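1. here's my sequence, what's the structure:
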Amino acid sequence: VQKANLQKLKNDALPEEAWVQCDDCHGWVHQICALFNGRKNKTAASYSCPKCYIKDKRKRDDDEVTPVKCAKDLPHCKMSEALEDGLYKALDKAYEEKAKELQCSPDQIEKAEGLSIRVVSNMEKKHMVRDEMYERYSKRGYSSEFPVRSKCVLLFQSIHGVDVLLFGMYVYEYDHNCPAPNRRRVYISYLDSIHYFQPRCFRTTIYHSILIEYLRFVKERGFHTAHIWSCPPSKGDDYIFYCHPAQQLTPRDDMLCAWYHGMLDHAKAEGVVLEVKSLYDEYFKNEGKDAFAGPAVDPMCLPYFEGDYIPGEIENIIKDVNLEEEAKKKELAGKGSARSQRKIGRKQGTRSNPGELVNQERDKVMLRLGQAMSNMKQNFMVVHLRSRKFAAAVERGEDVSNWMEKDEEEEVKMTKGKDSSILYSGEGKAKAEDDDASMVESLDAPQDSSILYSGEGKAKAEDDDASMVESLDAPSVTISDDGSERSGKSKKGMKSSSTMKPVACTDDEDPSVESECFDSRQQFLNYCQANHFQFDELRRAKHSTMMVLFHLHNPNAPKFLQQCGACYREITHGIRYHCNNCSNFDLCQDCYEPVTTGVWAQRDPRFAHDKKHTFTPVDMEASGGDNQKDRQERAKAIKMHLELLSHAANCNGPPGCSLNNCIRMKKLFEHVRTCSVTYKRGCKVCARLLALLSMHARLCTVRGTCAIPFCDRIRERNRRLRQQQQLMDDRRRQAQNELY
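-> Next up is the predicted model:
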């Protein structure tokens, strides 16, 4: 295309909203206003506008109308049930407090109704360590990848009888099988909300309770630490939802930070959280000597989460350090250092031979990272869910399968009526504010740190041959300053002020849920942008939520529809004609004949199309099986094909291998390499094999060249998608660096 043939325009035109005609009154209404689902539009389908539907409702029977699946029809899991139950308990408590404030009955308070929480994505991934970090520290044993379980949690509310998506949260869970330092940690990656929640006075309560219940849920599963990076989006960026309402302001950095700390204060009061520290205080204070798992001397001891501040900042710091080191080497090589000729003494620890562990300098990357974070340390929150003794044992790789810890939430319940905002330390310290109760000192953990003894109600008598732990029904035992034990009766109505429970192994009992739209925050945002699913108005939010729910209930439905190359409308029904010669050109049923015959080209040259090109008709209304049994069989077949894919790529073939499937797969490889039609022009063989290769590339962790054909090219495409996410994270990080 020549530049002279292009017309210069400004990209400020608003596209006209799609219309739909009522089959009863023949009037036209906006598809968004009428909640019209174009994906379900079929040739023989009839449509009635809302006015005609209400007018004829008396004449219709209820059985004639098929109910639309809503958010409540999405499958529940243990996590969503726990979050939803905790949400309603928090609301009941908020209703009572509001009633006391207004001096009225709780029944007179306006309630938040129609709430549904669902986990729409729960899948295993592998977060790769970025290049500079891996190249610098891989020789010291640093892991190249961290297996993680990514989850997406959504909150819906029924407003005017229609579900509206109001809140979204992406979290990463690193279980007990993940390498240190990420082992048994969770990272709350992204939060986003739309301010249509009703009533508005309970909006903060709702969002706080979701976060608190999630922390409670992962604590019960055995995770010891949660991490939060408080950072509002940069101007022009969206986290999860596309196009926020104009009147919804983006919170300032200090406001968002205070919002998170307010939530964590409530979690402390309920006994869910033991302590909150900043990442700087945890790993950088006092040159890292106070770190709970030993001195923090280099970045290998820092938790490494995808999308976090640390990975991106470390990459920039390492690049600068490498440039400085290369410049210094060149300078020394030019001068000819005299130090290289100095004699090395025989005895280590002297000036002439300091040895490996003497006068060891702190890592340059760690020093610069600490300097960068020192002014904004309040934005990086490290939430202690379990004791630091347990966390240290996990970091050291000890066996914690039989570890016992106090149930802090149970203690909070038993001390109800006292000051419940007191923070109970998980390192064996317990405080009981009662006139008759005395201070209980923590007991030092034994060498076998698989069992932790602490708090009231526990007595430990060590002997060379046997040890005994008293049951919870025994009288409380207090340790005095001199180490002697004093027994006494426990408070009336309480068996003990300390309850010991085993720590779980972080296994996720919820089934995996794969959703292409919600695979990552960026993919959902791209999905909404490409389909114009906006949330800037309530009517648009209702329509966008309806379309999102449609795809969640119909995972095999196409996520994106082709546009007609002539009328530019989405081809939702009838026959779609795909050009076999052009890479991306389709025509709808109405435009096919006048375009291919050249009738419209006589009036306007933009409708001209090469008459030599051929078209393939595609039935847009053909539907495949979508029941649970079909999905399970499809998943099983995909797993078998992925194994065959790996075998065929690394196999030399006959005569060493006589498997027929291996030979067939190699023929498919050759077909994709030599096919002249390709998947872009409608080759089904190429399309199916490339779909299989894409699944492999998503899980491939090979650094360098992969033996499986096209894997490197597909991974490069995925890398560009991740780079799009990283660019937004870089903008967040740069904006926060400039702020401080």
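2. all contacts plus neighbour counts: C-alpha atoms, from now on.
-> Noted.
3. for residue 25, see how far away residue 96 is.
-> Noted for residue 96: a distance of 50 Å to residue 25, by Cα to Cα, to the nearest Å.
4. which one's more surrounded, those two?
-> Set side by side, residue 96 and residue 25 show more neighbours around residue 96, with 16 against 11, by other Cα atoms under 10 Å.
5. could you pull out the buried residues of the helix or strand hosting the more buried one?
-> Taking DSSP states H and E as the definition, residue 96 sits inside helix 78-102. Under the neighbour-count criterion of 16 or more other Cα atoms under 10 Å, helix 78-102 has 79-80, 82-84, 86-88, 90-91, 94-96, 98-99 buried.
6. mind listing the strands for the stretch 201-350 of the chain?
-> When assigned using DSSP state E, counting those that start in this stretch, the strands of the stretch 201-350 of the chain occupy the ranges 225-229, 275-278.
7. and these as TSV, adding mean pLDDT?
-> Written out in TSV, the entries for these read as follows (pLDDT from 0 to 100):
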stretch	mean pLDDT
strand 225-229	96
strand 275-278	95
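8. assess the claim that residue 253 and residue 234 are in contact.
-> No: with the criterion set as Cα atoms under 8 Å, residue 253 and residue 234 do not qualify as a contacting pair; they are 10.6 Å apart.
9. how close does the closest residue to residue 77 other than its chain neighbours sit to residue 636?
-> When the adjacent residues along the chain are set aside, residue 77 lies closest to residue 510, with 6.0 Å between them (Cα to Cα, 6 or more residues apart in numbering). Separation of residue 510 from residue 636 (Cα to Cα) stands at 19 Å.
10. what sits against residue 563?
-> By Cα atoms under 8 Å, 6 or more residues apart in numbering, the residues touching residue 563 are 569-571, 586-587.
11. go again using 7 Å as the cut-off
-> Going by Cα atoms under 7 Å, 6 or more residues apart in numbering, residue 563 touches 569-571, 586.
12. chain neighbours aside, what residue packs nearest to it?
-> With sequence-adjacent residues excluded and distances taken as Cα to Cα, 6+ apart, residue 563 is closest to residue 570, at 4.3 Å.
13. you'd agree the one you found is up against residue 576?
-> No: the pair residue 570 and residue 576 does not pass the contact test of Cα atoms under 7 Å, sitting 10.1 Å apart.
14. picking that back up, which of the contacts of residue 563 count as buried?
-> Applying 16+ other Cα under 10 Å to those flags 570-571, 586 as buried.
15. any low-confidence regions in the chain?
-> For the chain, applying pLDDT under 70 flags the ranges 13-15, 42-44, 58-66, 336-361, 410-498, 556-561, 573, 583, 621-635, 679-682.
16. for it, longest helix please?
-> The single longest helix within the chain, with elements called by DSSP state H, is helix 711-739.
17. so what's the residue count around residue 241?
-> Here the number of neighbours of residue 241 (other Cα under 10 Å) works out to 25.
18. check contacts around it.
-> Contacts for residue 241 (Cα under 7 Å, 6+ apart) come out as 192, 525, 535.
19. check which helix or strand covers the second one.
-> In the assignment (DSSP H and E), residue 525 maps to helix 521-531.
20. what's the next secondary structure element after the particular helix or strand that has residue 641 in it?
-> Assigned by DSSP H and E, residue 641 falls within helix 628-650. Toward the C-terminal end, the helix or strand that comes next after helix 628-650 (DSSP H and E) is helix 660-674.
21. got the buried residues for that following helix?
-> Residues 662-663, 665-666, 669, 672 are the ones in helix 660-674 that count as buried (16+ other Cα under 10 Å).
22. distance from the chain centre to it, please.
-> Here helix 660-674 shows a centroid-to-chain-centroid distance of 37 Å under the convention Cα atoms, centre = their mean, to the nearest Å.
23. which helices and strands does that helix pack with?
-> Helices and strands touching helix 660-674, by 3 or more Cα pairs under 7 Å, 6 or more residues apart in numbering; DSSP states H and E, are helix 628-650.
24. can you tell me the centre-most residue of the chain?
-> Centroid check for the chain by Cα atoms, centre = their mean gives residue 170 as the closest residue, at 3.0 Å.
25. correct me, but that one touches residue 188?
-> Yes: in this structure, residue 170 is within contact of residue 188 by Cα under 7 Å, at 6.5 Å.
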